[in-house]
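Undergrad: A structural model of the following input is requested.
(one chain, ligands or ions: 1)
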Amino acid sequence: MSNLNIFKIGIGPSSSHTLGPLIGGNMFCAKLKDKINKVERIESTLYGSLSLTGKGHLSDRAIIWGLHNLTPKELDFTLQESIINRALKGRKIKLANKKDIDFSYKKDIIFSKTFLPLHQNGFELKAFDGDSNLLEQEIYYSIGGGFVLTQNELEKQKNNKQKTKSKKMPLEINSAKDAIKLCEAKGWNLAQLSYEYELQFNTKEEIRNYCFEIWEVMQEVYYNGIHPKSLYLPGKLELKRRAVGLNERISLTSDPLGIIDFISLYAIAIAEENASGAMVVTAPTNGACAVIPTVMLYLKNHNVGFSDERVIDFLLTAMLIGSLYKKNASISGAEAGCQAEIGSASSMAAAAMATVMGANVRVACNAAEAAMEHHLGLTCDPVGGLVQIPCIERNAFGAIKAISAARMAMSRKSTPKVSLDDIIKTMYETGKDMNIKYKETSLGGLATTLSNIC
Ligand code: SF4
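TA: A predicted model of the protein is given here:
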C-alpha cells in the first residue's frame, strides 16, 4: 500500500475527529448509491472519544458535511457555515448533494458515552425511509490521520495482523530493520528507499506532483495563519491568535537563539489555522499538522534551502517513517495519547531533516528514535475538547525536538543503544497502558485542571 496518503489535504481541527467523520459521511453516501431517493432520515451516533470530545473537535458538523458528499478541498469556510446554518436553522440537509431531507440536531446526532469494541473512535450511520424502516447502516472507525475503516475492514485488519501476511510486494518495508537492510544492500538513503517503494504504486510524475501539492498547501496554510480572517479562535476558550503578533514583532537579531522564535511562529501560525477549522495538511494527524511544515520552513528559510529535490526527499522520508508508526503502533491520540501524534510527527520530521542534510539510513533512524524517545508518555488532554491548549504550542516543541534530534544524530560518534523499532514498540505499549482519561477524552490532565476556564 502506498504511503502517500500519510499526508492529505484535510480540514481542522482533528484528523480523527473531524476529517474521519467527514470521510465516513462520504463513504456512507457511496454506500447508499441508488437508495438515496428513498432516504428520509439519517441517524448518526458518535461513540467513545468521538462523543466525549466531538463537539470541540467539530465531529457533529463534520458528519453533516460528509453526508453532503463534500470533500475537504471543496469545503471552504463560507460553504461550511452555510451548510451548518441550513441544518441547524432550516432543519434540512442535502444528502449526497442530491436530495433534501429533514434534519433535527437533537434527534439525529446522538452522543453515546459507550466505547465500541474495536477502537476508541467509532461512529454509526443509519438511513431510514419515510416509514422509519432501516434502509442501510454501517459502523465506521476513525483510526487516526483521517483513515477510516468499516467495522468489517478493521476486524479483517486486526485478524490479518495476528494470523496471515498480506500479499507480498517486491519491496516490503515493515520495520526500521527492513529499511536499514534494504538501504545498505542498495546503497540508498531513506528518501531513495521510500521513492523506490512508492514506484510500486505510483508513477514518477504522480509522486512528484503529490509532494509538490502537499508542500504548496503547507506554505499556503502558514500564509493564512499569519493573515487570519479573525483574531480569535472559535470556541469557548476565546483564545486570541498569537501568530499575527509574533509575525509583526519577529526579526533576525544577533541572538543566536532568535531562530527559535521563527520556529515557534511557523508552528503556531499553522496550528492556529488547524484550530480554526480551516484547510491544513494532515501530517500525520491534524493535531500535529504543524510539526513537519515547521521543520521544512526552518530548512527553507534558515538552513540548507529547499530545492524541489529536497522537498520530495523530505516528504518521502517522513511518510516512510510515519508508515512504520501506523503499521506497528498508532498515530491516534485516542488510542495512544499525544506521543502518537506530536511524537510521531516529530520523529518523522527528524529523520527527514537528517536525510536532506546528508544522513545515511542509520543516522536518520537514530534521529527518528531520539525524537520519539523524548515524547514517550505524552498524554492527550485537550482543554474544553478543543485542539488549542496544549496542542498549538505542542507543535512548536515537537518541531524543536525534531531539529535537535536530527542535529544530535548527525554529530554522534557512538553507536546508539535504542533502535527505532524499539521505540515504536515502547510508544505503543505505553499508549496501551495509559489511562483512558489521557487519550483524547478530556477527562483528565489539563482538561480537568482548567475546566473552570471553559
Ligand atoms: S493533545 Fe496532542 S493528541 Fe491530543 S488533541 Fe492535542 S495535539 Fe492531538
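
Undergrad: Tell me who's in contact with whichever residue of the stretch 101-250 of the chain sits closest to the ligand.
TA: Residue of the stretch 101-250 of the chain nearest the ligand, by CB to the nearest ligand atom: G144 (9.5 Å). Placement of C-beta: from N, CA and C, glycine included. By CB atoms under 8 Å, 6 or more residues apart in numbering, the contact set of G144 is 15-16, 121, 284-285, 326, 330-335, 340-341.

Undergrad: Also L182?
TA: L171, I173, W188, L193.

Undergrad: let's go with 10 Å and repeat that
TA: L182 is in contact with L171, E172, I173, W188, L190, Q192, L193, E196, Y197, V361, counting by CB atoms under 10 Å, 6 or more residues apart in numbering.

Undergrad: any idea how far the residue of the stretch 101-250 of the chain closest to the ligand lies from Y325?
TA: Note on G144: its distance to Y325, by CB to CB, to the nearest Å, is 10 Å.

Undergrad: hey, what's in contact with both of those two?
TA: Shared contacts of G144 and Y325, defined by CB under 10 Å, 6+ apart, are found at P284, I331, A336, A340, E341, S344.

Undergrad: Now do the fourth one against the ligand, distance only.
TA: The spacing between A340 and the ligand, counted by CB to the nearest ligand atom, to the nearest Å, is 7 Å.

Undergrad: That residue: what's it in contact with?
TA: For A340, the contact set (CB under 10 Å, 6+ apart) comprises 144-145, 284-285, 287-288, 325-326, 329-334, 372, 375, 378, 380, 427-428, 430-431, 434, 439-440.

Undergrad: three-state assignment of the nearest residue to it once chain neighbours are set aside?
TA: In space, and not counting its chain neighbours, A340 is closest to S330: 4.7 Å by CB to CB, 6 or more residues apart in numbering. Under DSSP: H, G, I helix; E, B strand; the rest coil, the three-state class of S330 is coil.

Undergrad: S330 against S344, yeah?
TA: Yes: S330 is within contact range of S344, at 8.5 Å (criterion: CB atoms under 10 Å).

Undergrad: surely V418 meets T426?
TA: Yes: applying CB under 10 Å, one finds V418 in contact with T426, separated by 8.5 Å.

Undergrad: Between these two, which contacts overlap?
TA: In contact with both V418 and T426: M372, E373, using CB under 10 Å, 6+ apart.

Undergrad: Where does pLDDT dip in this protein?
TA: Along the chain, the parts satisfying pLDDT under 70 run over 161-167.

Undergrad: could you redo the last one with a cut-off of 90?
TA: Along the chain, the parts satisfying pLDDT under 90 run over 71-74, 76-77, 113, 157-170, 251-256, 303-306, 451-454.

Undergrad: Close to the ligand: what parts of it are there?
TA: 287-288, 333, 338, 341-342, 380, 382, 387, 390-391, 394, 440 (CB under 6 Å from any ligand atom).

Undergrad: doesn't L125 fall inside a strand?
TA: Yes: assigned with three-state DSSP, L125 falls within a strand.

Undergrad: Let's verify E138: helix, strand, or coil?
TA: Under three-state DSSP, E138 comes out as strand.

Undergrad: Neighbours of it, how many?
TA: Neighbour count of E138, defined by other CB atoms under 10 Å: 17.

Undergrad: Go ahead and confirm it touches L154.
TA: No: between E138 and L154 there is no contact under CB under 10 Å: 11.9 Å.

Undergrad: In terms of secondary structure, what does the helix or strand harbouring R407 contact?
TA: Element membership for R407 (DSSP states H and E) is helix 391-411. The helices and strands touching helix 391-411, judged by 3 or more CB pairs under 10 Å, 6 or more residues apart in numbering; DSSP states H and E, are helix 258-275, helix 291-302, helix 342-356, helix 361-373.

Undergrad: Comparing those helices, which comes out most buried?
TA: Burial of those is given as mean neighbour count (mean count of other CB atoms under 10 Å); helix 342-356 ranks first at a mean of 33.

Undergrad: the inter-axis angle of it versus helix 391-411?
TA: On the basis of axes from the mean of the first three to the mean of the last three CA atoms, to 10 degrees, helix 342-356 is oriented at 40 degrees to helix 391-411.

Undergrad: Over in the stretch 1-150 of the chain, which residue gets nearest the ligand? Let me know.
TA: Taking CB to the nearest ligand atom, the stretch 1-150 of the chain has S14 as its residue nearest the ligand, at 6.4 Å.

Undergrad: How about that residue: what's its closest non-neighbour residue?
TA: Nearest residue to S14, sequence neighbours excluded (CB to CB, 6+ apart): H57, at 4.2 Å.

Undergrad: just checking, the one you found touches T285?
TA: No: using CB under 10 Å, H57 is not in contact with T285; the gap is 11.6 Å.

Undergrad: Identify the contacts common to these two.
TA: With CB under 10 Å, 6+ apart, H57 and T285 have common neighbours S14, S15, S16, H17, L19, V387.

Undergrad: Work out for me the element the nearest residue to the last one once chain neighbours are set aside sits within.
TA: Distance criterion CB to CB, 6+ apart; nearest residue to V387, sequence neighbours excluded, is P13 at 3.8 Å. Assigned by DSSP H and E, P13 falls within no helix or strand.

Undergrad: just L237 next, same as before
TA: Here L237 is assigned to no helix or strand, by DSSP H and E.

Undergrad: From L320, how far out is it?
TA: 36 Å.

Undergrad: What are the buried residues along the longest helix along the chain?
TA: If you go by DSSP state H, the chain has its longest helix at helix 204-226. Residues of helix 204-226 classed as buried: 207-208, 210-211, 214-215, 217-219, 221-222, 224-226 (neighbour count, 16 or more other CB atoms under 10 Å).

Undergrad: Return the alpha-carbon coordinates of that helix using CSV.
TA: The C-alpha trace of helix 204-226 is given here as CSV (Å, rounded to 0.1, in the frame of the first residue of the first chain):
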residue,chain,number,x,y,z
LYS,A,204,7.3,9.3,-11.0
GLU,A,205,5.0,12.2,-12.0
GLU,A,206,2.3,11.2,-9.5
ILE,A,207,4.9,11.1,-6.7
ARG,A,208,6.4,14.4,-7.6
ASN,A,209,3.1,16.2,-8.2
TYR,A,210,1.7,14.8,-5.0
CYS,A,211,4.7,16.1,-2.9
PHE,A,212,4.6,19.5,-4.6
GLU,A,213,0.9,19.9,-4.0
ILE,A,214,1.4,19.0,-0.3
TRP,A,215,4.3,21.4,0.1
GLU,A,216,2.3,24.2,-1.7
VAL,A,217,-0.7,23.7,0.6
MET,A,218,1.6,23.6,3.7
GLN,A,219,3.0,27.0,2.7
GLU,A,220,-0.4,28.4,2.0
VAL,A,221,-1.6,27.3,5.4
TYR,A,222,1.3,29.2,7.0
TYR,A,223,0.5,32.3,5.0
ASN,A,224,-3.2,32.1,6.0
GLY,A,225,-2.1,31.7,9.6
ILE,A,226,-0.3,35.0,9.7
